[in-house]
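# pasted the sequence and its predicted model underneath.
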Amino acid sequence: MATTASKSRRPTISDVARRAGVSTSLVSLVLQGSPLVREPKRAAVDAAIKELGYRPSRAAATLAGGRTKTVGLIIDDYRNLWFVELLQGLQSELDKHGYHVTVLDSKAGDAPGNGAIDQLLSMRVDGIVVAMDPRDSMLEATWAPTVVAGWRDRIPEGADLIANDDSAGGRLAAGHLLELGHTRIGHLTGSGGAATHRRAGFLLRCAEAGLPVRLWGEGHGTSEEDGYQAACALMDHFPDTTAIFAANDIMAVGALAALRERGLQAPRDVSVLGYDNSPLAMSRYLDLSSVDAKSGDVGAGAAQALLARMEDPARTLLRTLIPPALAPRGTTAPLGARAGHRRRASQGPRPRPAHDL
């Protein structure tokens, strides 16, 4: 009778081999999915794995196969939910090849030996996806294949780029608000490659229509607080604004808060349009109109590019732009369609009503 693994310890590959009546090297081949193993032997190993509850050691797999089957994803703000669909798209493709994703927030530090890139390299990840504007320490080429997800100001040396066409998305946003009849439009922007491209497309489309844009936030951040502050300044200077386009959904949420404090509602008084079509925008409570950045498709494309780069490090650099789409919801409406007795924004904030979004 085959020797069984002790219930007091974790079963090993040797236990599986003894139970299946094969060598440990053959068990390794089964775990690697090798086509060289005959079906009866594979079935015996699979049965032993199931019976013993064996879980392969990833460290051992690294030593045996030279890969950790891990990909690192670097973001810059867990609070901005645009990366959720990016992660889902990334993982959906990597799952097919047995890869896991480790997510790191770049704010963990950027000093040598402590930055996100260094942390991932110390973990011996097989590849890196950068979903933020890279810092200086990220711009040098590394031994790990790298893909940049989303438009960025700078691209690390040797990295592929898979991004939403943010310039086209900015044009979509402007076109949507213009079609609704708005001519006094404000844009809340910020720093970074994505905001830059969205701003450029938006301004170009408005210029083609002969309309000036009330621009606020250039050179600043793109957080909810940044959106709030930019919207406050915009409405203080231009209280007759009837539509606001924010560089992302979380900035749009900040704009909604600024409008509410001034006794204004979207879309009754001011239409508000975000960008990314994040889970935040899709929530039934906010019902935020947005431009869909197709983050899931960007994530899937980034995974495919990374896998291809792993197999062929010398392949031609890839630059792929994915078309955006409009996702209109309840915070944009035709000018005057839901007009009520508008309180002038210049009168300042009023006490917040219970349901004023």
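Sure thing, it's come through. Residues are numbered from 1 along each chain as shown.
# shaky segments in the stretch 51-200 of the chain?
Along the stretch 51-200 of the chain, segments meeting pLDDT under 70 span 56-66, 107-118, 121-122, 135-143.
# please enumerate the strands of it.
The residue ranges that make up the strands of the stretch 51-200 of the chain, judged by DSSP state E, counting those that start in this stretch, are 70-75, 100-105, 127-130, 146-149, 160-164, 185-188.
# OK, contacts around Val125?
By CB atoms under 8 Å, 6 or more residues apart in numbering, the contact set of Val125 is 68, 70-72, 102, 144. Heads up, the C-betas are built off the backbone N, CA and C, glycines and all.
# among the residues you listed, which one has the most neighbours?
Counting by other CB atoms under 10 Å, Val71 has the largest number of neighbours within the contacts of Val125, with 28 neighbours.
# wait, isn't that one in contact with Met123?
No: taking CB atoms under 8 Å as the definition, Val71 is not a contact partner of Met123, at 10.5 Å.
# find the residues that touch each one of those two.
Taking CB under 8 Å, 6+ apart as the contact criterion, the residues that touch both Val71 and Met123 are Thr102.
# mind putting the strands of the stretch 51-200 of the chain into TSV with distance to Leu317?
Putting the strands of the stretch 51-200 of the chain into TSV (distance: least, CB to CB, whole Å) gives the following:
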stretch	distance to Leu317
strand 70-75	19
strand 100-105	23
strand 127-130	14
strand 146-149	10
strand 160-164	6
strand 185-188	32
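# what's the closest of those to Arg10?
Using CB to CB as the measure, strand 100-105 is the one of those that comes nearest Arg10, at 19.4 Å.
# partners of that closest one in the sheet?
Within its sheet, and counting by DSSP bridges, strand 100-105 is paired with strand 70-75 (parallel).
# other residues contacting the strand it pairs with?
Outside strand 70-75, the residues within contact range by CB under 8 Å, 6+ apart are 58, 83, 87, 90, 94, 99-106, 116-117, 120, 123-132, 138, 144, 303, 306.
# where's Ala300, which helix or strand?
If you go by DSSP states H and E, Ala300 is part of helix 295-311.
# that helix to strand 100-105, inter-axis angle?
110 degrees (axes from the mean of the first three to the mean of the last three CA atoms, to 10 degrees).
# so what touches helix 295-311?
Identification of contacts with helix 295-311 by CB under 8 Å, 6+ apart yields 71, 82-94, 97, 126-127, 129, 145-147, 149-150, 160, 162-164, 276-278, 315, 318, 320, 322.
# contacting residues for the nearest residue to Pro313 once chain neighbours are set aside?
Closest residue to Pro313 in three dimensions, ignoring its sequence neighbours and counting by CB to CB, 6 or more residues apart in numbering: Pro145, at 6.6 Å. Neighbouring residues of Pro145 by CB under 8 Å, 6+ apart: 126-128, 306, 309-310, 313.
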